[in-house]
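>>> Would you be able to build a 3D model of this:
(chains A and B)
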Amino acid sequence: MTPTYPKWTPSHVEGVWKTTMEMFNKRKDVEWYEIGVFDEKWQPVNFVTSYRLFNMPYLSHVKFDVYVASPDVAIVEYICSKSKLREIREQKTMVSSRVCSRFK
Amino acid sequence: MRKLALLLLVVGVANAADVPIEGTVQSRCTIDTDTAGVYGNPNAYTLTTAPASGGVLPVTRFDVTLADAYYARVTHPSSFSTAPAGNATVTFTGSTEVQTVGDAGMSGYEAAKTTFGSSTQYDLTVAGSLWLKTSSEATNGGDKAFPSGTYRAIVVAECIAK
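Coordinates of the predicted model:
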């Protein structure tokens, strides 16, 4: 996820702010990522993106905008991407990854 | 002959073209699964990633391009994500430690790590790559044998901006 410290900018809709994020899939074993927006206590905050789940082939990039309502701009602390794992029939430990950018 | 060589040299120079390669390094953290873990089964009531017991330790790689901007946090499993029915109370233990550092400035990471519950956190004060290995062991209650079937557990690796 980049940037590390995103900033909000006004969107084309009054009362709605947006920020642009970019993701890069470095994991061969993962193709899907989910976006989440959280406050400082890790409680989910309502947001809108084109897709909440992104299909990302290995080494691909995706750029997307995240929109939140004005009252929520002040409380949003983190935007995170979380890997979505597929069920496999092997006796393995899997790694679930989450990368979070932070509003300062 | 000398004129021909000079002509070829001039033609060669005239055909040369600059092909630029551009790129930017943006501040970010990426997580990669270096090695998927595997549970070994040294006895009927234990599943472990310990290599001495036939297991494989999962290794997670963290890459950061901005120094002093992220925490790396790894949480070892406290339950199975997939398991056959019929297990007694399963006890999970585990730990995370540095396997390899990509920069000499990271040599103090292991000593400076903080542990809370089943999570281990590293302060990524240096830009570069870090490999963390995680051990996990599950013991079935009362030393009862695990029912046959597939067992899976999930290690959670997080990179959180400070």
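>>> alpha carbons only for contacts and neighbour counts from here, please
Noted.
>>> looking at this, B:Phe92 is in a strand?
Yes: assessed with DSSP: H, G, I helix; E, B strand; the rest coil, B:Phe92 lies in a strand.
>>> What's the local residue count around it?
B:Phe92 is flanked by 18 other residues according to other Cα atoms under 10 Å in any protein chain shown.
>>> what helix or strand is the closest residue to it other than its chain neighbours on?
Distance criterion Cα to Cα, 6 or more residues apart in numbering or on different chains; nearest residue to B:Phe92, sequence neighbours excluded, is B:Ala138 at 4.6 Å. B:Ala138 belongs to strand B:128-140 when elements are defined using DSSP states H and E.
>>> Contacts for that strand, please.
The contact list for strand B:128-140 (Cα atoms under 8 Å, 6 or more residues apart in numbering or on different chains) reads B:45-50, B:57-65, B:74, B:76-77, B:87-103, B:146, B:155.
>>> Direction included, what does that strand pair against?
Paired neighbours of strand B:128-140 in the sheet (DSSP bridges): strand B:46-48 (antiparallel), strand B:59-64 (antiparallel), strand B:90-101 (antiparallel).
>>> Can you name the residues that contact the most centrally placed residue in chain B?
Centroid-nearest residue in chain B, with Cα atoms, centre = their mean: B:Thr60, separated by 0.6 Å. If you count contacts by Cα under 8 Å, 6+ apart, B:Thr60 has them with A:95, B:31-35, B:131-133, B:157.
>>> how deep is B:Ala153 tucked in, by neighbour count?
Counted with other Cα under 10 Å, the neighbours of B:Ala153 add up to 23.
>>> Just give me the neighbour total for the residue nearest to B:Phe92.
Neighbour count for B:Ala138, taken as other Cα under 10 Å: 23.
>>> same question, A:Tyr51
Neighbours of A:Tyr51 under the rule other Cα under 10 Å: 12.
>>> from what I can see, it looks like it's in a helix, true?
No: if the criterion is three-state DSSP, then A:Tyr51 is coil and not within a helix.
>>> B:Glu110 is in contact with B:Val98, correct?
Yes: here B:Val98 reaches B:Glu110: they are 6.0 Å apart, a contact under Cα atoms under 8 Å.
>>> So for the two, which sits in the more crowded spot?
Between B:Val98 and B:Glu110, counted using other Cα under 10 Å, B:Val98 has the larger neighbour count: 20 against 16.
>>> Tell me what the residue nearest to that one when sequence neighbours are not counted is bridged to.
Nearest residue to B:Val98, sequence neighbours excluded (Cα to Cα, 6+ apart): B:Leu132, at 4.6 Å. Judged by DSSP bridges, the bridge partners of B:Leu132 are B:Thr60, B:Val98.
>>> Correct me if wrong: B:Arg152 contacts B:Phe80.
Yes: counting by Cα under 8 Å, B:Arg152 touches B:Phe80, with 5.5 Å between them.
>>> Between the two, point out the one with more neighbours.
Taking other Cα under 10 Å, B:Arg152 and B:Phe80 do not tie; B:Arg152 has more neighbours (21 against 15).
>>> Where is the longest strand in chain A?
Longest strand of chain A, by residue count under DSSP state E: strand A:92-102.
>>> counting contacts, what elements does that one pack onto?
Applying 3 or more Cα pairs under 8 Å, 6 or more residues apart in numbering or on different chains; DSSP states H and E, we find strand A:92-102 packed against strand A:78-84, strand B:29-35, strand B:37-38, strand B:152-161.
>>> what's the third one packed up against?
Under the contact criterion of 3+ Cα pairs under 8 Å, 6+ apart, strand B:37-38 touches strand A:92-102.
>>> Next, the angle strand B:59-64 makes with the strand it packs on.
Between strand A:92-102 and strand B:59-64, the angle comes out at 20 degrees (axes from the mean of the first three to the mean of the last three Cα atoms, to 10 degrees).
>>> Save the strands paired with strand B:128-140 as TSV, and put in mean pLDDT too.
Output for the strands paired with strand B:128-140, formatted as TSV (pLDDT from 0 to 100):
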stretch	mean pLDDT
strand B:46-48	95
strand B:59-64	95
strand B:90-101	96
